[in-house]
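1. 3D, please:
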Amino acid sequence: MKFGQYGADMSQNDQHSLGNVKPGDLALIWVPDSKSLYGLFEVTSPLFYDDANIGWDRPWPYRCKFKTWDGWVRTIEQKAKLMSFVSKEMTTLTDLTNLGGYIHTLLYDEGSRLVRFFIANSVMKKPKDLFPNYGEKVDPVVPAPVNFRTKLANNMPEYVLELYILQNMKKLEEIVGSEISERYNMLRGYQGRYLDIMTVHRDEDGNMLKATILELKARQLDKPELDRGLDQLASYMFWVRDQIEKGKILGDVDSVFGVLLAPNPTSSSDLTADVKYHADQFGIDTNKIKLMGYIYNGTDITINLMT
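-> Next up is the predicted model:
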């Protein structure tokens with residue numbers, strides 16, 4: 001609060017969500033010690049890198065800046081009411097205890113519901129009444145964003161591939177189609193598992209045209225790893241379809257697609273059969289799943305369709 005910064009370690013899976021933030025995004029901050037949710041905060045910078053020591057217990061070098069949304073900090077004093085709302089109304093977040101140590105991405109619809117509930121049921125306080133050192137060391141300069149293209153390499157960490165694709169809209173559209181309405185990473189599904197990227201296309205009236213799940217692999221896949229990747233992708237697609245059937249996500253179950261993206265080539269001799277096997281396990285049409293490969297050419301990645 002003192003510096004108006006939030007930091008993460010991108011090598012940790014539960015921290016990747018920060019790589020998708022952009023100025024104007026709204027955030028709520030969960031403080032485990034007091035078990036309280038505070039907000040609303042507005043992101044004021046893109047993701048940047050700074051390993052300067054500002055008094056945190058760890059460097060947390062990937063950072064973004066934030067400020068209060070309207071000059072106040074809100075908190076909900078009736079915690080039972082908040083817990084009940086989260087368990088009944090949320091999709092990716094069903095238990096506040098899941099927030100400890102995590103950066104949690106919310107779908108747009110559930111995020112809007114939470115923000116409306118939070119505003120209507122919270123108490124407004126001056127920031128310094130809650131955090132005495134709030135804003136004392138805020139630097140007004142907005143740092144240059146991290147360019148993940150410069151971090152691409154053969155056998156790169158998976159988070160580099162993920163955040164490069166999120167950062168490069170043209171590359172993402174090459175995979176899922178143009179005019180993306182929403183993009184997410186690290187959405188929490190069944191069994192506490194996080195899908196890599198999900199995009200949503202909507203029409204002019206806001207109706208979902210399609211949702212696409214991307215499962216990313218940064219290393220060449222042998223047969224067991226290919227099977228594992230396809231199983232993960234199919235299970236994430238099933239989770240989205242299940243949320244649609246429950247009315248938690250508005251759309252058509254037949255509008256859910258999946259892409260497994262991995263380096264060329266794969267060792268499997270029959271990719272179509274591999275896809276069919278895993279699609280059948282979750283009752284998914286084989287035609288909804290595509291395998292795409294990529295080659296790192298020294299400066300960028302080139303993507304091609306494999307099935």
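
2. quickly list what the residue most central in space within the chain is bridged to.
-> Most central in the chain under C-alpha atoms, centre = their mean is residue 185, positioned 2.3 Å from the mean C-alpha point. Beta bridges link residue 185 to residue 197 when assigned by DSSP bridges.

3. that one against residue 21, yeah?
-> No. Applying C-beta atoms under 8 Å as the test, residue 185 and residue 21 come out as separate, 10.3 Å apart. C-beta coordinates here come from the backbone N, C-alpha and C atoms, glycine included.

4. related to what we said a few turns ago, list the contacts of the residue nearest to the centre of the chain.
-> 16, 17, 19, 20, 105, 162, 163, 166, 196, 197, 198 (C-beta atoms under 8 Å, 6 or more residues apart in numbering).

5. residues contacting the last one?
-> So the one you mean is residue 198. Here residue 198 is in contact with 183, 184, 185, 187, 211, 212, 213, 214, 236, 240 (criterion: C-beta under 8 Å, 6+ apart).

6. closest to residue 82 out of these?
-> Of all those, residue 82 sits closest to residue 187, with 21.1 Å by C-beta to C-beta.

7. count the residues that sit near the closest one.
-> 23 (other C-beta atoms under 10 Å).

8. likewise for residue 109?
-> Counted with other C-beta under 10 Å, residue 109 comes out at 14.

9. what strand or helix carries it?
-> Using DSSP states H and E, residue 109 sits in helix 108-121.

10. check which residues of stretch 127-136 are buried.
-> Neighbour counts using 16 or more other C-beta atoms under 10 Å place 127, 130, 131, 134 of stretch 127-136 among the buried residues.

11. got these as TSV, with pLDDT columns?
-> TSV is the format used below for these (pLDDT from 0 to 100):
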residue	pLDDT
127	93
130	89
131	89
134	88
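
12. quick one: contacts of the longest helix seen in the chain?
-> Secondary structure of the chain per DSSP state H: the longest helix is helix 223-245. For helix 223-245, contacts defined as C-beta under 8 Å, 6+ apart pick out 91, 189-190, 193, 195, 198, 211, 213, 215, 217, 219, 221, 249-253, 256-260, 262, 266-268, 274-275, 277-279, 281-284, 288-289.

13. which of those residues fall within helices?
-> 274, 275, 277, 278, 279, 281.

14. top of those residues by number of neighbours, please.
-> residue 275 (26 neighbours).

15. can you tell me how far it is from residue 230?
-> 6 Å (C-beta to C-beta, to the nearest Å).

16. swap in residue 15?
-> 26 Å.

17. quick check: residue 82 touching residue 76?
-> Yes. Using C-beta under 8 Å, residue 82 makes contact with residue 76 at a distance of 4.7 Å.

18. for stretch 3-12, buried residues please.
-> 3, 4, 5, 6, 7, 8, 10.

19. pick out the most distant pair among those residues.
-> Between any two of the buried residues of stretch 3-12 (C-beta to C-beta), the greatest distance is 20.3 Å, for 4 and 10.

20. could you tell me the end-to-end distance of stretch 139-157?
-> From its first residue to its last, stretch 139-157 covers 31 Å (C-alpha to C-alpha, to the nearest Å).

21. how about stretch 213-227?
-> 17 Å.

22. how far off centre is that stretch?
-> Centroid separation for stretch 213-227 versus its chain: 19 Å, with C-alpha atoms, centre = their mean, to the nearest Å.

23. pLDDT on it, on average?
-> The average pLDDT within stretch 213-227 is 91.

24. and the contacts of helix 223-245, which of them are in strands?
-> 195, 198, 211, 213, 215, 256, 257, 258, 259, 260, 262, 289 (DSSP state E).

25. model confidence score at the second one, please.
-> In the predicted model, residue 198 carries a pLDDT score of 96.

26. from residue 294, how far out is it?
-> Noted for residue 198: a distance of 19 Å to residue 294, by C-beta to C-beta.

27. now do residue 54
-> In terms of C-beta to C-beta, residue 54 sits 37 Å off from residue 294.

28. higher neighbour count, these two?
-> Shown here are residue 54 and residue 294; by other C-beta under 10 Å, residue 294 has more neighbours (21 against 13).

29. how is the more buried one assigned, secondary-structure-wise?
-> strand (DSSP: H, G, I helix; E, B strand; the rest coil).
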